[in-house]
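Colleague: Return a 3D structure for these sequence lines:
(2 chains)
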Amino acid sequence: MNALTNRNNPAVKFYLKYKRIVIAFLLIIFLFILGEVTVSNFLSLGQILLTIKLASFIALFALCQMIVISAGGSGLDLSVGYTATITAVLTASVMDGQNSHLWIAILIALGIGIAVGFANGVLTAYLKLPPLVVTLAMANILQGAINVYTAGANITGKPSPVLRIIAAKSIGIFPNILFLLILVAVIVSLILTKTKLGVILFGTGANETTAYLSGINVKLVRCVAFIISGVLASVIGLLLIGNMGMAFKDMGSNYVMPSIAAAVVGGVSLMGGDGNYVGVILGAIFLQTLTNLLVAMGWGDAGKWLGFGIVLFVLLILYVSNRRSR
Amino acid sequence: MVVLEAKGIKKHFGGVVALADANLICRKGKITGLLGANGSGKSTMSKIISGVYSADGGDIRFKGEQVKYRNPNEAQKNGIAMVFQNLSLVPDLTVWQNIVLGAEEKKRLFLNNEASRIISRNIIDKLLPGLDINRMIYELNPGEMQIVEIAKAVSAKPELLILDEPTAALEQAEVKSLFTYMRSLVEQGVSIIFTSHRLWEVMEICDDIVVFRNGTNAGHIDFETEEKDPEKLIRYITGGIKEIKIEKDRNTLSGNPVLQVHHLSYGGILKDISFELRKGEILGIGGLAGQGQHELMLLLAGNYPKAVCCAELNGKPINLTKPVNAIRNNILLVPGDRQLEGLFLNHPVFTNLIFPKMGLKKQPFITPRKMYKEECERTIARLSIKTDGLDIPVRTLSGGNQQKIVVGKWLPFDVNVLLLADPAKGVDIGAKQDLYAYIIEQVKKERMSVILYASDNQELIEYCDRVLIMYEGRIVSTIEENDINEDRIISASMGIGRTEGERHE
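Modeller: Numbers count the residues shown, from 1 in each chain, chains lettered A, B, ... in the order given. The predicted structure follows:
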């Protein structure tokens, strides 16, 4: 008892520092055990790897959310899935199954990402419109553009083979996207903890007045957060078409809500100023495991959304009451 | 006839005693003035009478009966209405809707708006005849809002009306018409408690005056029997302590000007402020609370891009439109609200201490953690900050240590001007001494220049070489080193210092 309450105990220290990550990890283990008990063959290496592969896109989209949410100002980006879709749709015919035109596709992706992110950033940070409404409107505009484009002509073309390899193929039993996710996680974690960008991002989110009086251009930081989110979402669109082998008009939109849920489960404070990408990845894996479990139990798509909603509510209530008790 | 009698009232907030043992008596049809310096307990007393706070001890008799209200509504139903300093109007409703809010006239199931309008118009016509009752609150200026607030309180037909600094937002003419109205209320038998920092107002309108100091009664003057003597009132407010002369062992006044400010204005809050700060000087900013001192400090730190400010640092013009400009010129602010303006409460001590470096261009992309850690350790040792390492969240530290972190953020900087906005507020005595010891030493050794705003006059007396007194956004008086004492500061603060000061000089 004494050892567990002692703040200097390394295990207790670790728990206090990474409380939400530990909680997310324990939740995943709980789901796998629950799945093994209720549905046979749930807990196996193949199943775990498949779950992670499916979760990786949620985790990537959740990185966009984490950056925008961390910057504070009730940031949130509902347009990420649609940005990804429009990039995939527009680049499909450009790439046309060839590697030679991949660089043009990447330029298009960057262009779309910067444009969407810049618009979101200016409208929210400089014109002080609520991010929820701005990015929702942006999502609708993008979906409208996609609909117009796909109504005129069928989407032709295939992703370049390089994208297929990164997003769809495996080395042995390990899906390649898993390695990409690990690489992204390492880079993001390094940037957020070891460079001034992380300090500025979290500081701006934690207390904008303090950050401003300390010489930080708060509006610029928030605008840049949205631009990063837009560019990431657009690049994820390339991976998404690589994963699916073709582009279609609803390919990214289903990831928006899960990406926010993953950020919340992974311990990103919706108030801003706090977040850890490893936790967010665990949050994404948790949600995917939950989906798998519900599907295996025969609940289908309805069960998945029901499960997401309930998990979000429960965790938000827990985190809010935790904050109140301080 | 006594309407209200409050006896032996005690109230504390946490460890701070707001009222130790305070008494107040109001007579029917009379105006009782309530005076005192900042933090003397007069607002607390008003709020206890009107049911906002409940007293820790003592009893209140209203119309002969012992009362203890649980909330302002209960007090209002019994005939005690209070007009608050911070306005409680609904901006998107009209004047008359606000006046009758919560007590609308009804005709069976429906509202009788016509009757409500008539009631409102009758009151407003007496208070401020030009005001259209159909205007929205957000269209009004602060003075008009204050009048509507008073009208709202009066519409409940109180027997005792408490006005807590109602004139602070009013123009001279509005004050006159308010006073006329107050007299007409008094003739109808209403009793009024009136607080104001402007001595001449209190002397003009009140029938008697009660002075509070440090949460107890310091004096009482009945104008029906005694003459109106401002000197006597000031003595009651300050306690008439002969100040202890503190040896300021510094060769001051010899330094060249470091910062010169010419004709600085901001909105209606700061008006035409000019002064110069010399090298190695601690320049005090004093005055009543809320006369623009906090805004002046924030402005000098670059917080108000739209302000009109012509300033020179060491003879070169500087542009104070962004905090980062001030920081690059080493004009560094310790803001007044450390939790809201100075800290990231949930972040560790380490990030809080290194954060101001992040906005600088020369800051390397990858944080040199080891170097910064050593720097933080030095800061912690230098200011004797009590913390369990660099990784614990700042919110777990005591108020005094939190304040030291806010000051400590600037230690690695080569300070030109240090702006201190009430640094000792809510800070324990030990931390306060540590902070001032550090500042005095920097001033002595490094010839650092400091602008110090303190709500506690004692700090101004003890540490400052000159004191500027602010009143309604202007600098109304400059007190030179040999003249800095409680009486001079108080009388200048209350707006009568100017004439008096001129007489002395």
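
Colleague: any idea which helix or strand carries the nearest residue to A:Tyr15 once chain neighbours are set aside?
Modeller: Sequence neighbours aside, A:Val22 is the residue nearest to A:Tyr15 in space, at 5.7 Å (criterion: C-beta to C-beta, 6 or more residues apart in numbering or on different chains). No exception for glycine: its C-beta is placed from N, CA and C like everyone else's. Using DSSP states H and E, A:Val22 sits in helix A:19-38.

Colleague: ok, and for that helix, which residues are buried?
Modeller: Residues of helix A:19-38 classed as buried: A:Arg20, A:Ile21, A:Val22, A:Ile23, A:Ala24, A:Phe25, A:Leu27, A:Ile28, A:Leu31, A:Phe32, A:Leu34, A:Gly35 (neighbour count, 16 or more other C-beta atoms under 10 Å in any protein chain shown).

Colleague: TSV for those residues, including pLDDT?
Modeller: What follows is the buried residues of helix A:19-38, written out as TSV (pLDDT from 0 to 100):
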residue	pLDDT
A:Arg20	76
A:Ile21	81
A:Val22	85
A:Ile23	82
A:Ala24	82
A:Phe25	87
A:Leu27	86
A:Ile28	89
A:Leu31	88
A:Phe32	88
A:Leu34	87
A:Gly35	87
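
Colleague: List just the nearest of those residues to A:Gly205.
Modeller: A:Gly205 has its nearest neighbour among the buried residues of helix A:19-38 in A:Arg20, at 15.9 Å by C-beta to C-beta.

Colleague: Does that closest one touch A:Gly266 like I think?
Modeller: Yes: between A:Arg20 and A:Gly266 there is a contact under C-beta atoms under 8 Å: 7.0 Å.

Colleague: Show me the common contact partners of these two, please.
Modeller: A:Asn276, A:Gly279 (C-beta atoms under 8 Å, 6 or more residues apart in numbering or on different chains).

Colleague: per-residue pLDDT, the closest residue in space to A:Ile155 that isn't next to it in sequence?
Modeller: Spatial nearest neighbour of A:Ile155, chain neighbours left out: A:Ala247 (5.1 Å); criterion: C-beta to C-beta, 6+ apart. Model confidence at A:Ala247, given as pLDDT, is 90.

Colleague: residues in contact with A:Ala247?
Modeller: Each residue near A:Ala247 by C-beta under 8 Å, 6+ apart is listed here: A:Thr85, A:Ala88, A:Val89, A:Thr91, A:Ala92, A:Ile155, A:Gly157, A:Ile241.

Colleague: Swap in 7 Å and give it another go.
Modeller: With contact taken as C-beta atoms under 7 Å, 6 or more residues apart in numbering or on different chains, A:Ala247 is in contact with A:Ala88, A:Val89, A:Ala92, A:Ile155, A:Ile241.

Colleague: now the strands for the stretch 151-300 of chain A?
Modeller: Counting by DSSP state E, counting those that start in this stretch, the stretch 151-300 of chain A has these strands, from start to end: A:170-171, A:174-175.

Colleague: most neighbours per residue, which of those?
Modeller: Of all these, strand A:174-175 has the most neighbours on average by mean count of other C-beta atoms under 10 Å in any protein chain shown, namely a mean of 17.

Colleague: count of residues packed around the residue of chain B found nearest chain A?
Modeller: For chain B and chain A, the shortest gap (C-beta to the nearest C-beta) falls at B:Gly359, measuring 3.2 Å. B:Gly359 has 21 neighbours, counted by other C-beta atoms under 10 Å in any protein chain shown.

Colleague: Skipping adjacent residues, who's closest to it in space?
Modeller: Closest residue in space to B:Gly359, ignoring its immediate chain neighbours: A:Gly215 at 3.2 Å, by C-beta to C-beta, 6+ apart.

Colleague: Just give me the neighbour total for that neighbour.
Modeller: Neighbour count for A:Gly215, taken as other C-beta under 10 Å: 22.

Colleague: That one contacts B:Pro356, doesn't it?
Modeller: Yes: with contact defined as C-beta atoms under 7 Å, A:Gly215 counts as touching B:Pro356 (6.2 Å).

Colleague: what residues are shared contacts of these two?
Modeller: Taking C-beta under 7 Å, 6+ apart as the criterion, A:Gly215 and B:Pro356 both touch B:Ile327.

Colleague: Stretch B:391-405 and chain A in contact?
Modeller: No: judged by C-beta under 7 Å from any C-beta of the partner chain, stretch B:391-405 and chain A are separated, with a smallest distance of 7.6 Å.

Colleague: What mean pLDDT does that stretch get?
Modeller: For stretch B:391-405, the per-residue pLDDT averages 89.

Colleague: Output it in CSV with nothing but the alpha carbons.
Modeller: Output of stretch B:391-405 as CSV, limited to C-alpha atoms (Å, rounded to 0.1, in the frame of the first residue of the first chain):
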residue,chain,number,x,y,z
ASP,B,391,9.0,17.9,-13.8
ILE,B,392,6.1,18.5,-11.5
PRO,B,393,3.2,20.6,-12.7
VAL,B,394,3.3,24.3,-11.5
ARG,B,395,-0.2,24.0,-10.1
THR,B,396,1.1,21.9,-7.3
LEU,B,397,3.3,24.8,-6.1
SER,B,398,2.2,27.3,-3.5
GLY,B,399,1.1,30.8,-4.6
GLY,B,400,4.4,32.4,-3.6
ASN,B,401,6.5,29.8,-5.5
GLN,B,402,4.3,30.1,-8.5
GLN,B,403,4.9,33.9,-8.5
LYS,B,404,8.7,33.2,-8.3
ILE,B,405,8.4,31.0,-11.4
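
Colleague: in it, what's buried?
Modeller: For stretch B:391-405, by 16+ other C-beta under 10 Å, it's B:Pro393, B:Val394, B:Leu397, B:Gly400, B:Asn401, B:Gln402, B:Gln403, B:Lys404, B:Ile405.

Colleague: Can you pull out the residues in contact with that stretch?
Modeller: The contact list for stretch B:391-405 (C-beta under 7 Å, 6+ apart) reads B:338, B:343-350, B:352-353, B:383, B:385-387, B:423, B:426-428, B:430-431, B:434-435.

Colleague: Filter these down to just the ones in helices.
Modeller: Using DSSP state H, the members of the contacts of stretch B:391-405 that fall in helices are B:Val349, B:Phe350, B:Asn352, B:Leu353, B:Gly430, B:Ala431, B:Asp434, B:Leu435.

Colleague: correct me, but the fourth one touches B:Lys409?
Modeller: Read that as B:Leu353. Yes: using C-beta under 7 Å, B:Leu353 is in contact with B:Lys409, at 5.8 Å.

Colleague: Now do the helix or strand harbouring B:Glu144: which elements does it pack against?
Modeller: Secondary structure from DSSP H and E places B:Glu144 in helix B:142-155. If you count contacts as 3 or more C-beta pairs under 7 Å, 6 or more residues apart in numbering or on different chains; DSSP states H and E, helix B:142-155 packs onto strand B:80-83, helix B:95-100, helix B:113-127.

Colleague: Can you give the strand pairings for the next helix or strand after the second one, parallel or anti for each?
Modeller: In the C-terminal direction, the helix or strand that comes right after helix B:95-100 (DSSP H and E) is strand B:106-107. Strands that pair with strand B:106-107, judged by DSSP bridges, come out as strand B:110-111 (antiparallel).

Colleague: which residues sit against the partner strand?
Modeller: For strand B:110-111, contacts defined as C-beta under 7 Å, 6+ apart pick out B:Glu104.

Colleague: Check stretch A:127-145 too.
Modeller: For stretch A:127-145, using C-beta under 7 Å, 6+ apart, the contacting residues are A:73-79, A:82-83, A:86, A:116, A:119-120, A:123-124.

Colleague: Could you list which of the buried residues of stretch B:391-405 belong to helices?
Modeller: B:Gly400, B:Asn401, B:Gln402, B:Gln403, B:Lys404, B:Ile405.

Colleague: so who does B:Leu390 touch?
Modeller: B:Leu390 touches B:Pro348, B:Val349, B:Phe350, B:Lys373, B:Cys376, counting by C-beta under 7 Å, 6+ apart.

Colleague: List buried members of those by neighbour count.
Modeller: B:Pro348, B:Val349, B:Phe350, B:Cys376.

Colleague: Adding pLDDT and distance to chain A, write those residues out as JSON lines.
Modeller: Output for those, formatted as JSON lines (pLDDT from 0 to 100; distance: C-beta to the nearest C-beta, whole Å):
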{"residue": "B:Pro348", "pLDDT": "93", "distance to chain A": "10"}
{"residue": "B:Val349", "pLDDT": "95", "distance to chain A": "13"}
{"residue": "B:Phe350", "pLDDT": "95", "distance to chain A": "10"}
{"residue": "B:Cys376", "pLDDT": "95", "distance to chain A": "13"}
